[in-house]
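S.K.: The following block contains a protein sequence and its predicted model.
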Amino acid sequence: MEEVRTIDSKSCKEIYVILNRLGLFYKLPIELKEYIIQNQDLSYEYDFNIDLPLVYQVDNENTKAYISYLYLKYINDSDNEKNILLRKYEKNEKIYQEKLMEKYNSNNIFRNKRLETVENTPNTIAIVEYKESIIRKFVNKIKSIFSRK
Amino acid sequence: MIISNWRLLESIEHSISEYNSQFWREEDKNKKIDYNFIEYSEDGLSANIPEEILSKLERLMICLRARDVGEEEIQDITKQLSQMLDVMKLKSFSFFMQAKDPQYSHLDISFLEHLNDDIENISMTGIDLSKEKPSRFEKFKNLNYFSLQKCNISDPKIISEIKPEVFISLERNEIAPEYYEDALKLIQSSNGRIKFSVKELETMAQIYSTKQVELSDYLRLMEVIDFDSISKLTVIMKNEFGYENMNSEQIVNFLNGKTNITLKTTPVNLSKLDYDGILKVPTRVILKNANKLSLEELKRHQCIKSVQMSDGHNTEKQQGEPYSRTEYEKIRSKIDAIISQIELPDEADPNREKKIFAQIYKILGQSIDYDHNAISEEEKDNERLQITCRNLLGGLLENRCVCAGYADILRNVLACIGIYSEYVGAMPDFENGVPLNLKDPGGHAWNLVRLDGKKYWTDLTWDANNIKADRYPLRYCLKSTREFKHDIFKKRLEDEIEDPCLESISDEEQNRLFTGKELEYRDTSKKQENRNIGYLSNCIMSIADSGLTSAKVRKTANEVSKYTAMQITEEKETEGVDGRG
């Protein structure tokens, strides 16, 4: 079962600085605001320059995901934009799944050794399952027959 | 070895110092030549230099002034030089005799016999070599560069024993016209690697070395040069292409009979020559922008096989990469299709160009996405993509490009409707502009436009997401230098200093231009909030373009919902946001 993680303290800091500076922090629900304020990493210095596009100033993949969701859920006021974003996320998901499938297929055909399940989020540990290939099973069987007991 | 001539001694000291300069690292210091091994005479004008030191030196340059050195001293120098050269293993040897033109020094150059055979560079200047035979240089089989400048040479045969691969300079010599034919043969056999001071010979040498010739020279020199023997020759047609003995039709017929040439010219010049459209020579046209070649003109000149576009000063390598005829056809059709959507304001409208610009800016912003894939690690070695995402191909034909593509497309589409704009490329200014915590923004490109008599900066790349989200006013559209806020980049537009962009279009005016409506928010704080939402929206759209997936957003929604327990029920009823709608 997928573990529900908490928002990390560096992301809390970045979210707070960005939204507060833009005067949009007030749009978040009170519980969330409290959590972000209380859990931000105070030792971490983060500032941004409003004259430059924000995308150059957010490097943390978690922050990107959090701020995207928060924007979509609590700040965005345009249905048109919401639909554009949701379509983009779906399209990205499709592309991602296709890439995974491609990887899975080539592994299956050419290596037939390991099946990898890779999570798309950087902070989730990938589940790696080892499956013995048919050839390997065969070789092991032969080995076991002829091996000294 | 005793060197008793102080001028020669000076040359050796110079060579030693040059030799030592390569060992500047602390760990190499012991490789330097130690001057203590040189025994100087009391007056310092002569010295005993160990042969071991001389054999280490790779370069020797002797510079003498003819008026300072008498005949006796010259003889002494050449004698000692011969002895020195016997023990030296030089890579480069230069002997300069300075004298007022047209004087030459008459000296015996038999010291060359003592030079090592495997020397790579020989330069001699100011010495009369008019009586020398080619055999004098026969033994040097390892030369890369051979220069006999101002050596009173009239017959180029003096270099006939030099390998054809060597770069040769016979500059400042007056080659006699009766030897031009011999010179041409040498030029031909060396693929033009000989430099002359005679204009005619210089032109010929350039033709052979660059494989390019101007049409006027091509027609003028065809009796002298066997152009048919030069494969893949490019004939460049400039404004003055006429030839007194042939009219345009005869030139076209003559060129059509050639199979080894391609033509390079502008559409205007091509139209002058090929007004009947019968030219068959494969032609590349050079344009400043797509306005200079319509589809009709392209159709008329079937000889056009490729199109190269460059504004000549600001556009970069990728924008100047030639398009095939088919690619250009598609590009120009797309531009025409965009222009056909424009509602042209009245000619007398004082904001006519602004209104046209806004429509084009909006169409391009809506239709072209930023190509995050093109700048990804995976694709950085994809040479074709690195070009197409920065010229007209990616953005116009595949709706994906990066900043350079946006800027090049805007420049060309505007040009096709008669609006002046420039491509502006810039690199980050790490010394003055880029804040320390900002990740490397890389190079960037945008435009300078002139609308209804005023100049503005505009950045379609940074505005495109807000255009897609229908969020106006745009942050980087039609701004003055002060308000454009691109200080993190080093701008390179010289005319900005002479004629700066002084005014921005106001938010109200911009909103009217783009939406046809008045700004919704009159209240200052609400207006500011609207601007800030637009700013954030731009970033959110970019994050989405860079690959954020719905699975990740759903996961994030789960995490956030932990802290918004009160809202969970409400959230579940909200369609879309959690990715299930």
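M.R.: Nice, thanks for sending it over. All values reported here derive from a predicted model rather than from experimental measurement.

S.K.: show me where the stretch 201-350 of chain B has helices.
M.R.: B:215-220, B:248-256, B:267-273, B:295-300, B:325-340 (DSSP state H, counting those that start in this stretch).

S.K.: just for the stretch 151-300 of chain B, where's the confidence low?
M.R.: For the stretch 151-300 of chain B, the stretches flagged by pLDDT under 70 are B:240-244.

S.K.: thinking again about what came up before, tell me the most buried of the helices of the stretch 201-350 of chain B?
M.R.: Mean neighbour count, computed with mean count of other CB atoms under 10 Å in any protein chain shown, is highest for helix B:215-220 among the helices of the stretch 201-350 of chain B, reaching a mean of 20. No exception for glycine: its C-beta is placed from N, CA and C like everyone else's.

S.K.: could you dump the helices of the stretch 201-350 of chain B to JSON lines with distance to chain A?
M.R.: Listed next are the helices of the stretch 201-350 of chain B as JSON lines, based on distance: least, CB to the nearest CB, whole Å:
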{"stretch": "helix B:215-220", "distance to chain A": "49"}
{"stretch": "helix B:248-256", "distance to chain A": "51"}
{"stretch": "helix B:267-273", "distance to chain A": "39"}
{"stretch": "helix B:295-300", "distance to chain A": "33"}
{"stretch": "helix B:325-340", "distance to chain A": "21"}
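
S.K.: measure the residue sitting nearest the centre point of chain B to chain A for me?
M.R.: Nearest residue to the geometric centre of chain B (CA atoms, centre = their mean): B:Lys317, 6.6 Å. For B:Lys317, the distance to chain A (CB to the nearest CB, to the nearest Å) stands at 25 Å.

S.K.: Mind pulling the model confidence for that residue?
M.R.: Predicted confidence (pLDDT) for B:Lys317: 90.

S.K.: Now do the contacts for the closest residue to chain A within the stretch 1-150 of chain B.
M.R.: Proximity of the stretch 1-150 of chain B to chain A (CB to the nearest CB) peaks at B:Arg25, 38.6 Å away. Applying CB atoms under 8 Å, 6 or more residues apart in numbering or on different chains, we find B:Arg25 in contact with no residue.

S.K.: Can you tell me how far the residue nearest to the centre of chain B is from B:Asn391?
M.R.: 10 Å (CB to CB, to the nearest Å).

S.K.: cool, A:Asn20 as well?
M.R.: Distance from A:Asn20 to B:Asn391, counting by CB to CB: 42 Å.

S.K.: Look at these two and report which has more neighbours.
M.R.: The neighbour comparison of A:Asn20 against B:Asn391 (other CB atoms under 10 Å in any protein chain shown) goes to B:Asn391, with 27 against 14.

S.K.: What residues sit buried inside the longest helix that chain A contains?
M.R.: Longest among the helix segments of chain A by residue count, using DSSP state H, is helix A:79-106. For helix A:79-106, the neighbour count (16 or more other CB atoms under 10 Å in any protein chain shown) marks A:Glu81, A:Lys82, A:Ile84, A:Leu85, A:Leu86, A:Lys88, A:Tyr89, A:Asn92, A:Glu93, A:Tyr96 as buried.

S.K.: For the chain, give me the ranges with low pLDDT.
M.R.: Answering for chain A, as no chain was given. A:1-5, A:106-149.

S.K.: should've been chain B
M.R.: B:101-102, B:240-244, B:432-441, B:491-498, B:564-581.

S.K.: Show me what the lengthiest helix in chain B packs onto, helices and strands only.
M.R.: Looking across chain B with DSSP H, the single longest helix is helix B:524-545. Packing partners of helix B:524-545 (3 or more CB pairs under 8 Å, 6 or more residues apart in numbering or on different chains; DSSP states H and E): helix A:61-70, helix A:79-106, strand B:369-370, helix B:460-468.

S.K.: Would you mind putting the ones you listed into TSV with distance to B:Arg512 alongside?
M.R.: Listed next are the helices and strands packed on helix B:524-545 as TSV, based on distance: least, CB to CB, whole Å:
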stretch	distance to B:Arg512
helix A:61-70	31
helix A:79-106	20
strand B:369-370	27
helix B:460-468	16
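
S.K.: for these, which one sits closest to B:Ser504?
M.R.: helix B:460-468 (13.5 Å; CB to CB).

S.K.: elements contacting the closest one?
M.R.: Secondary-structure packing of helix B:460-468 (3+ CB pairs under 8 Å, 6+ apart): helix B:352-367, strand B:369-370, helix B:403-416, strand B:444-451, helix B:524-545.

S.K.: Show the contacting residues for B:Leu385.
M.R.: B:Leu385 neighbours (CB under 8 Å, 6+ apart): B:Ala374, B:Glu379, B:Gly394.

S.K.: What count of nearby residues applies to B:Met246?
M.R.: B:Met246 has 13 nearby residues by other CB under 10 Å.

S.K.: That one touches B:Leu219, doesn't it?
M.R.: Yes: between B:Met246 and B:Leu219 there is a contact under CB atoms under 8 Å: 6.7 Å.

S.K.: so which of the helices and strands packed on helix B:524-545 comes closest to B:Thr556?
M.R.: Nearest to B:Thr556 among the helices and strands packed on helix B:524-545 is helix A:61-70 (4.4 Å), distances taken as CB to CB.

S.K.: how far off helix A:79-106 does that closest one point, in degrees?
M.R.: Helix A:61-70 runs at 140 degrees relative to helix A:79-106, counting by axes from the mean of the first three to the mean of the last three CA atoms, to 10 degrees.

S.K.: ok and helix A:61-70 relative to helix B:524-545, angle-wise?
M.R.: Using the same axes, to 10 degrees: helix A:61-70 against helix B:524-545 is 120 degrees.

S.K.: Output helix A:61-70 as PDB, nothing but the C-alphas.
M.R.: Output of helix A:61-70 as PDB, limited to C-alpha atoms (Å, rounded to 0.1, in the frame of the first residue of the first chain):
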ATOM      1  CA  GLU A  61      10.800  18.600  -7.500                       C
ATOM      2  CA  ASN A  62       8.600  18.200  -4.300                       C
ATOM      3  CA  THR A  63       8.000  22.000  -4.100                       C
ATOM      4  CA  LYS A  64       7.100  22.000  -7.800                       C
ATOM      5  CA  ALA A  65       4.400  19.300  -7.200                       C
ATOM      6  CA  TYR A  66       3.100  20.900  -4.000                       C
ATOM      7  CA  ILE A  67       2.800  24.400  -5.400                       C
ATOM      8  CA  SER A  68       1.200  23.100  -8.600                       C
ATOM      9  CA  TYR A  69      -1.500  21.300  -6.600                       C
ATOM     10  CA  LEU A  70      -2.000  24.200  -4.200                       C
END
